[in-house]
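>>> Model the structure of this input:
(chains A and B)
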Amino acid sequence: MNIFYLLIGVSLLVALVFLGLFIWAVKSGQYDDYDTPPYRILFDDDTVKENSEQEQKTDQ
Amino acid sequence: MEIQKFYYDNKIVRQFIWATIVWGVVGIIVGLLIALQLAFPVFNLDLSLTSFGRMRPLHTNAIIFAFVGNAIFAGVYYSLQKLLKTRMFNDTLSAINFWGWQLIILLAALSLTLGFTTGKEYAELEWPIDILIAIVWIVFGWNMIGTILVRRVKHIYAAIWWYLATFLGIAMLHVVNSFELPISLFKSYSIYAGAQDAVVQWWYGHNAVAFFLTTPFLGLMYYYLPKAVNRPIYSYKLSIIHFWSLIFLYMWAGPHHLLYQSLPEWAQALGTTFSVMLIAPSWGGMINGFLTLRGAWDKVRDSAALKFFVVALTAYGMATFEGPMMSLKNVNSITHFTDWTIAHVHIAGMGWNGGLTFGMLYWLIPVLFKTKLYSQKLANTHFWIATLAILLYAIPLYWSAVTQWLMWREYTPEGFLAYPNFMETLTQILPMYSIRIIGGTLFLIGFLLMVYNLVKTMTSGVCVANEAAEAPALEKLGPLNPRTETVHRWLERKGIQFSIVAFVVLAIGGAVQIIPMIFIKSNVPTLKTVTPYTPLELAGRDIYIREGCYTCHSQMVRPFRWETDRYGEYSKIGEFVYDHPYQWGSRRTGPDLGRAGNPVGPMYKNTSWHFNHFMDPQKMNEKSIMPKYAWLMVRGIDTSVIPRKIRAMQTLGVPYAEGYDAKALTDMEAQAKKIAEELKTAGIEVKPDREIIAIIAYIHKLGRDISPAAVPAPAATEKSNK
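Model (predicted):
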């Protein structure tokens, strides 16, 4: 059962490291502007009409 | 800015979709077959090729690697191109990925049916296929990272982080868990033994769940759900937090498969602790998915694809709450070795992986074929049938689990086991197995409706194999500029750096658990009385593995009174040091065999009983559901590989005497003859070179060494211990 003392210590340490990382992340603005990427994937305006293989073949 | 023209590769997506559909049907049919076998043993067909022990790994492998695997590739190959606005990096790599993976599946189906197996759950495939998997997997990763490097979009969207973690995680798990020493083209031994093998295997097994069934599907969810509902993902911040925490925490959770078993307490505690912590990132994903639907639930009413996404997220939320609960030791004592685990994985498999795949296909195929779904109504029918099927599958098994557990631990007022005969506890749950068959059948029917619907959709549209598209070229990206971008934003545009950081985060959990298990001696205390297997026992053990006995029988007595009363002394870590691979099992459809060789224990049965039982279990016990193993009487032991097996074991550190491989055959024949003579006195004529002799010898070895009345082991191995 002695292992639990070590485990509790290690867990607390890990938790503190993560808390620190989290505070750093917020303060340094890691979470600023996360609006554009989620929206961008919704726009599929990249395929072109005169495109398909058939069209290509008729071009030749 | 220069506008570049390029072509999306839709053909590869279509190929993977077809493979998903075909293997899905196959995997579910095999699942239905084994469900039938458990309720009605006649469905084993009395053939080695179709017996439960071989079909069960075929089912799990077909569903996980064939059905789900191809669904992952289909989803990734489509969304990766779209998200990065480029064609896949290299068409040849795409083709190798596709055809290589199908070849692996065919080889897997063939080899598992023929009994070529490593005996490690979810990693049963033998070493040549393992190598093939590694190659094809690296081709997949190479193709994906190549695509990231030639992309036209600066930002790497969240879905792709999950794809990268999937590639890295599986590559690491597969390679480390597959270290094995081949003795022939079809047979190898795990280089790890006993508890070490168990900890590596469940680090792999649990994370195959994580990095094959969870992370890629979260990635797919991050792309296909927003697309299908035409709303951005609810919180991008949440996706960052739960990505990093999930990939970090998952790798530690493996030992929760080994609670109360022969594993050091510290490893069990770590497994439990990290499993409980996993609720947070798992639910982060579920919440992010559900809240993406906020304000759009009217669309769910009209779209079967969205309905399936809702089922998937619900099942994911349930399974990822249930999993941590099952990792608590007190709950685990109920759920482990009972049908609870089977119900749990099917909620996840049918609901989360099935639901998400169905939703993705219902949305993607009309988009890919530039048409409308053939029948929204039929798809809705599929949704209702599938949902009902999941309930009819899972609920009976939860019921069965609790029933059987209660019966196992029931005592009479006089202090004896109330159900000392294991068979009673099995007969009680058989009606549940019949209801499960109804659930499975419905799931198959729903799946077939989907196939019809999707084929009709495909024929009504046209899939342009190479679809032209235009996008601006990617501007030159400089180094991290702290004034204009954050560290994570920089990582999000650096595929390689992102992968390196992700790999480090992934590797920590496994390293902390596996390295001490292998290099710190005190973790595996040895027992003086435990001797290596004799050549005959070793041959028998390989037959035990080949027939998949571990799919129904455990070899692990947990330290509960109700287990030690039923089976005998609880299992010790030192008993397993010569077990390459370990065979502790994970479900007790039949009784534990860990003490079957203790001549004064409650589990001991004599030679002739075992013989008759293997030939016809129903003759010995009318209600038994064990398959008949008549071929063990027909097939002779392969003696040509025995010396090689001994040498392989020596290489792995089993202390046979120097040069013992030369004497092994003589010893084997002597021991076999003795068993044949024992059978003769019981009136059974059997040649000593038959496989049945070897497997009986192996079963009589289990637990013998630590029994108080330990029979002296055959001479050769005793000498070697000195």
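
>>> Tell me which helix or strand comes right after the longest helix belonging to chain A.
What stands out as the longest helix in chain A, according to DSSP state H, is helix A:3-27. Note on helix A:3-27: by DSSP states H and E, the next helix or strand toward the C-terminus is helix A:36-40.

>>> May I have that following helix exported as CSV, CA atoms only?
C-alpha atoms of helix A:36-40 as CSV (Å, rounded to 0.1, in the frame of the first residue of the first chain):
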residue,chain,number,x,y,z
THR,A,36,-12.1,30.6,-38.4
PRO,A,37,-10.9,27.0,-38.7
PRO,A,38,-14.2,25.4,-37.8
TYR,A,39,-16.1,27.6,-40.2
ARG,A,40,-13.6,27.2,-43.1
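
>>> Give me the residues contacting it.
B:153, B:155, B:157-158, B:226, B:232-233, B:236, B:492 (C-beta atoms under 8 Å, 6 or more residues apart in numbering or on different chains). In short, each C-beta sits where N, CA and C put it, glycine included.

>>> quick one, what contacts B:Ile543?
So B:Ile543 contacts B:632, B:691, B:694-695, B:698 (C-beta under 8 Å, 6+ apart).

>>> circling back to that earlier point, averaged pLDDT, the longest helix of chain A. What do you get?
Average pLDDT, helix A:3-27: 79.

>>> how about low-confidence regions in chain B?
Along chain B, the model assigns pLDDT under 70 to residues B:1, B:709-722.

>>> who in it is up against chain A?
B:5, B:8, B:82-83, B:85, B:153, B:155, B:157-158, B:223, B:226-227, B:230-233, B:235-237, B:240, B:265-266, B:269-270, B:273, B:464-471, B:486-489, B:492 (C-beta under 8 Å from any C-beta of the partner chain).

>>> Let's see if you can find the most crowded of the contacts of B:Ile543.
B:Ala694 (30 neighbours; other C-beta atoms under 10 Å in any protein chain shown).

>>> Settle this for me: it is touching B:Thr639, isn't it.
No. B:Ala694 sits out of contact with B:Thr639 when judged by C-beta atoms under 8 Å, with a separation of 10.3 Å.

>>> Dig out what B:Asp9 forms beta bridges with.
Counting by DSSP bridges, B:Asp9 forms beta bridges with B:Asn466.

>>> Roughly how far does it sit from B:Glu467?
Distance, B:Asp9 to B:Glu467, by C-beta to C-beta, to the nearest Å: 8 Å.

>>> Now do the buried residues in the longest helix of chain A.
A:Ala25 (16 or more other C-beta atoms under 10 Å in any protein chain shown).

>>> residues contacting B:Glu2?
Applying C-beta under 8 Å, 6+ apart, the residues contacting B:Glu2 are B:472-473.

>>> and the residue of the stretch 251-400 of chain B nearest chain A?
Proximity of the stretch 251-400 of chain B to chain A (C-beta to the nearest C-beta) peaks at B:Trp266, 4.5 Å away.

>>> mind checking how far that residue is from A:Ser11?
For B:Trp266, the distance to A:Ser11 equals 13 Å [C-beta to C-beta].

>>> same deal with B:Thr681?
When B:Thr681 is compared with A:Ser11 (using C-beta to C-beta), they lie 61 Å apart.

>>> Does anything pack onto the helix ranked longest in chain B? Which helices or strands?
Longest among the helix segments of chain B by residue count, using DSSP H, is helix B:376-408. When contacts are defined as 3 or more C-beta pairs under 8 Å, 6 or more residues apart in numbering or on different chains; DSSP states H and E, helix B:376-408 sits against helix B:304-326, helix B:329-335, helix B:340-346, helix B:355-368, helix B:422-427, helix B:430-460, helix B:561-567.

>>> Show residues contacting the longest helix of chain A.
For helix A:3-27, the external contacting residues (C-beta under 8 Å, 6+ apart) are A:31, B:265-266, B:269-270, B:273, B:488.

>>> Could you do stretch B:448-467 as well?
Contacts for stretch B:448-467 (C-beta under 8 Å, 6+ apart): A:47, A:51-53, B:7-11, B:14, B:21, B:25, B:358, B:361-362, B:365-366, B:368-375, B:378-379, B:381-382, B:385.

>>> Which positions in it come out as buried?
B:449-451, B:453-454, B:457-458, B:461, B:463-464, B:466-467.

>>> Equivalent analysis for stretch B:123-143, please.
Residues of stretch B:123-143 classed as buried: B:123-127, B:129-130, B:132-133, B:136-137, B:139-143 (neighbour count, 16+ other C-beta under 10 Å).

>>> Pull the contacting residues for B:Tyr77.
The contact partners of B:Tyr77, by C-beta under 8 Å, 6+ apart, come to B:9, B:12-13, B:16, B:88, B:94.
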